[in-house]
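S.K.: Structure, please.
(chains A, B, C and D)
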Protein chains: 2
Amino acid sequence: MALAPPSGSFDLDSQTLRVVAAVAEYGSITRAATVLGYSQPAVSQQLKRVEARLGMPIVTRSGRGIRLTDAGEVLARHADAVLTALDAAAGELADLAGLRSGRVRLAAFPSASSTIVPRLIGALAAEHSGVQVTYLEAEPPEAVAGVRDGVSDLAVAFRHPADRHDPFDASAEGLTVHELARDDVLLLAPAGHPAASAGDPVDLAELRGENWIAGCPRCRGHLLDSCARAGFAPSIAFETDNFVAVMSMVAAGLGVALLPELAISASALPPGVTAHRTRAGDHRMLVAVTRPGADHIPAVAETLRLLTGLTAGGASARTGRAAQ
Amino acid sequence: MALAPPSGSFDLDSQTLRVVAAVAEYGSITRAATVLGYSQPAVSQQLKRVEARLGMPIVTRSGRGIRLTDAGEVLARHADAVLTALDAAAGELADLAGLRSGRVRLAAFPSASSTIVPRLIGALAAEHSGVQVTYLEAEPPEAVAGVRDGVSDLAVAFRHPADRHDPFDASAEGLTVHELARDDVLLLAPAGHPAASAGDPVDLAELRGENWIAGCPRCRGHLLDSCARAGFAPSIAFETDNFVAVMSMVAAGLGVALLPELAISASALPPGVTAHRTRAGDHRMLVAVTRPGADHIPAVAETLRLLTGLTAGGASARTGRAAQ
DNA sequence: CGCATCCATAACGTTACGTGATGGATGCCA
DNA sequence: TGGCATCCATCACGTAACGTTATGGATGCG
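M.R.: Here you go, the predicted structure:
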């Protein structure tokens, strides 16, 4: 038997239920409209549309007032369940936005692991205990790749602005890069070294004859680049990606080295070693990398904000200066 | 601490959840769009709008594919609950539309109580056992008032089309009147009465000298009206609203009477009484009265449909003819 | 018998939300 | 390693939904 209306699948929506529930509760279109923050005709027309869509009346107009039909009562009865479920979802979203929940997956390069990262995670935990933080130590290329692949949400990395061969920009292609702070690259020399005692900004050119101690492969690349800009090719005697070892070697008088201030601040500058800025102003920029748009995810945005604050005034501002 | 977006009350709606749930399930905007029956840009823009409204991303675009953010996963996780609740409501509405539930509150005048109404209720029960039916016997004015007041959904009543003083039309003002069937008003006379034996359509004018037996007040009004149109004022000897009593009086030779065929068919025509159509074609119209729009309520609409079928071909078609 | 209340309707502007067309980025595969 | 297919974003555009204010009719009340 076919009834007049199609009677097919009604596409109920929550707005409908909100309106019907209000009308049912207050027994009046006008009052429901007021409570919902609408004008009276808005609710009146809304009901009409729903009735047209459903093919059956929801309310019967009975002179001054109205009365719900069977269908109207069905809707009103179910409204609570639906709206409660919706509210639960909205509440959880509000938690996210309010950082009472959420998740950040961090990645950072090694010398940040013992400097910036602990402070960052500490600040996050202190201000937003509901936010889950995970951390992965990784060299910039891997950290950035992790962001790109969705394995991490935020990578702390660095780039050498003066170095046109720096592979960072290429690796971060298509991602969002937030500049955090300048991290000076300092010359480490044995105390009493002639070039060092000449004055604080040292000129690398005067050290062309020294033995050089290189760090990790990428640091080595930067060393070559800096010396090239100073007009010479360094003689590299030792290589190690262990910063502490580099400093120990300098202390032992085996040569001089370039190290970022942040790396130096990770441990104490050994006795017998002095650190000096270079006249060329060698430095790297600390950056945070996210997927485009991810910097609007509340937990990520807040992490970025804290990170910016922690690095304001220099990469190692709160750790104490390392340059003498 | 204030986060960038207002972070106020999000007004989630079910459509949002439907889209997010589909995207979450299929892991692709394009496939979600296909499944939902939309074009790909529709879903893409929908997501964008929701993100703008929420102030945070729902998906991260990761090259070819996409990935849900925390917020997206929250939405997807809650979507089931909300949509299930919505489906429950929609299902119950479908039951109503399909008449697997619903309610009709009937009212009808006395002589319908023993004729049309039992058959109607029986048919409803047989075809739609889920529909609840209540019945109230009431004279047309009260029955119609009950509809107007929302006490009844459908009143079976009648009106006398030829009678300009019939109060029915006034009482049904503003309600919806559905014509059901013609119900002839017959002259009852003792068997062998001269006027009756003259031929079947009798002329009321020939009965101007008879004693008349009137029925209920409204029937009495109709009697006066019919006789007036026949050119005389009847001499009313007896009055009773009991149809059986009227017939018995006619059988006893106390006078003649006008009774609707339906009333006659409610009980058997007593021996010694004959029924005859009038030359003027006296009749009343059986009608069903509902609130405007209520005739689209599935249960009411179906009742009306059955009622129309039951009365097709005359008010007492299936009860057997009463006129000789 | 006004008066206040409540709902329906009309007229209108804005926004939401579709569609189709198009282009860029990405992964796959020969 | 170039097509090639796939997936998403964006643009331009039309329609329908949905809100508003203004207005009118019906009803119940003092």
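S.K.: how about the residues of the stretch 151-300 of chain A near DNA strand C?
M.R.: By the rule C-beta under 7 Å from any atom of the strand, the part of the stretch 151-300 of chain A lying against DNA strand C is A:Gly174. (Each C-beta comes from the backbone N, C-alpha and C, glycine too.)
S.K.: For DNA strand C, what's its nearest residue on the stretch 151-300 of chain A.
M.R.: A:Gly174 (4.8 Å; C-beta to the nearest atom of the strand).
S.K.: So that residue sits against A:Pro292, correct?
M.R.: Yes - with contacts counted by C-beta atoms under 8 Å, A:Gly174 reaches A:Pro292, the gap being 7.3 Å.
S.K.: which stretches of the stretch 151-300 of chain A have low pLDDT?
M.R.: A:196, A:198 (pLDDT under 70).
S.K.: One more pass at 80, please.
M.R.: Counting by pLDDT under 80, the stretch 151-300 of chain A contains low-confidence ranges at A:162-167, A:169-171, A:173-174, A:195-200, A:292-293.
S.K.: quick revisit: higher neighbour count, A:Gly174 and A:Pro292?
M.R.: Neighbour totals were compared for A:Gly174 and A:Pro292, and A:Pro292 leads with 13 against 8 (other C-beta atoms under 10 Å in any protein chain shown).
S.K.: what's the closest non-adjacent residue to that one?
M.R.: A:Thr176 (5.0 Å; C-beta to C-beta, 6 or more residues apart in numbering or on different chains).
S.K.: Count residues in the vicinity of the one you found, would you?
M.R.: Look at A:Thr176: counted by other C-beta under 10 Å, it has 16 neighbours.
S.K.: which residues does it contact?
M.R.: By C-beta atoms under 8 Å, 6 or more residues apart in numbering or on different chains, A:Thr176 lies in contact with A:Val289, A:Thr290, A:Arg291, A:Pro292, A:Gly293, A:Ala294, A:Asp295.
S.K.: export these to JSON lines and tack on secondary structure?
M.R.: Formatted as JSON lines, the contacts of A:Thr176 follow (DSSP: H, G, I helix; E, B strand; the rest coil):
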{"residue": "A:Val289", "secondary structure": "strand"}
{"residue": "A:Thr290", "secondary structure": "strand"}
{"residue": "A:Arg291", "secondary structure": "coil"}
{"residue": "A:Pro292", "secondary structure": "coil"}
{"residue": "A:Gly293", "secondary structure": "coil"}
{"residue": "A:Ala294", "secondary structure": "helix"}
{"residue": "A:Asp295", "secondary structure": "helix"}
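S.K.: and which of the residues you listed is nearest to B:Arg284?
M.R.: A:Gly293 (75.2 Å; C-beta to C-beta).
S.K.: ok, the closest residue to the closest one other than its chain neighbours - how many residues close by?
M.R.: The shortest distance from A:Gly293 to any non-neighbouring residue, by C-beta to C-beta, 6+ apart, is to B:Pro57 (5.0 Å). For B:Pro57, the count of nearby residues is 25 (other C-beta under 10 Å).
S.K.: Pretty sure B:Pro57 sits against A:Arg291.
M.R.: No - contact criterion C-beta under 8 Å: B:Pro57 and A:Arg291 do not qualify, at 9.1 Å.
S.K.: which stretch of helix or strand covers A:Thr60?
M.R.: Taking DSSP states H and E as the criterion, A:Thr60 maps to strand A:59-62.
S.K.: Equivalent analysis for A:Pro41, please.
M.R.: helix A:40-54.
S.K.: For that helix, buried residues please.
M.R.: Across helix A:40-54, burial judged by 16 or more other C-beta atoms under 10 Å in any protein chain shown covers A:Val43, A:Ser44, A:Gln46, A:Leu47, A:Val50, A:Glu51, A:Leu54.
S.K.: And the last one, how far from B:Gly293?
M.R.: From A:Leu54 across to B:Gly293, the span is 12 Å (C-beta to C-beta, to the nearest Å).
S.K.: just the third one next, same as before
M.R.: As judged by C-beta to C-beta, A:Gln46 and B:Gly293 stand 16 Å apart.
S.K.: all strands for chain A, in order.
M.R.: Applying DSSP state E to chain A gives strands spanning A:59-62, A:65-68, A:103-108, A:132-137, A:154-159, A:176-190, A:211-214, A:235-239, A:256-260, A:273-276, A:283-290.
S.K.: So for the lengthiest helix in chain A, mean pLDDT?
M.R.: Once chain A is assigned using DSSP state H, the helix that runs over the most residues is helix A:70-97. In this model, helix A:70-97 has an average pLDDT of 88.
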